[in-house]
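> Structure for this input, please:
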Amino acid sequence: KGNEDINGEEYFVEREGEGARPFYAILDTGLARTSTGARVFAALKGACDGGLDIPHNEKRFAGYDSDSKSFSPEILRKYIFGGHVSDYMSSLESD
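As a prediction, the model looks like this:
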């Protein structure tokens, strides 16, 4: 079972009782760039929220600040729901 409350916070799938355990997968980025906030990590977040057990760290998600070493789930939520695109479109309309 996946995450039912998509709020940008870190989510790990756990085994529930004696039933089947969640699918385990490993992210293979191949030749894709693995910079913080890259689209491949958005896909990782979606897969984890969907119920796959993929080992990960919040340091690569959008919203992680390496200077203060803190993670902001509000920023990640904004990116998940396209808030950054909306902000860009608003700036284009005002110009």
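> Please tell me the pLDDT value assigned to R77.
On the pLDDT scale, R77 is placed at 85.
> Could you list the low-confidence segments of the protein?
Screening the chain residue by residue with the criterion pLDDT under 70, one finds the ranges 1, 17.
> just the strands in it please.
Listed in chain order, the strands of the chain (DSSP state E) span residues 64-65, 70-71.
> For the nearest residue in space to I75 that is not next to it in sequence, give me its contacts.
Leaving aside its sequence neighbours, I75 sits nearest to G63 (Cβ to Cβ, 6 or more residues apart in numbering; 3.4 Å). Where C-beta positions appear, they are placed from N, C-alpha and C, glycine not excepted. The contact partners of G63, by Cβ atoms under 8 Å, 6 or more residues apart in numbering, come to G8, G37, F71, S72, P73, E74, I75, L76, Y79.
> Out of the residues you listed, which end up buried?
The neighbour count (16 or more other Cβ atoms under 10 Å) marks G8, F71, S72, I75, L76, Y79 as buried among the contacts of G63.
> What I need now is these written out in JSON lines, including distance to R15 for each item.
Shown next, in JSON lines, are the buried ones among the contacts of G63 (distance: Cβ to Cβ, whole Å):
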{"residue": "G8", "distance to R15": "24"}
{"residue": "F71", "distance to R15": "25"}
{"residue": "S72", "distance to R15": "29"}
{"residue": "I75", "distance to R15": "30"}
{"residue": "L76", "distance to R15": "25"}
{"residue": "Y79", "distance to R15": "29"}
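> which ones among these are found in helices?
Taking DSSP state H, the ones among the buried ones among the contacts of G63 that sit in helices are I75, L76, Y79.
> ok so, going back, farthest-separated two in the buried ones among the contacts of G63?
The span of the buried ones among the contacts of G63, defined through Cβ to Cβ, is set by F71 and Y79 at 12.7 Å.
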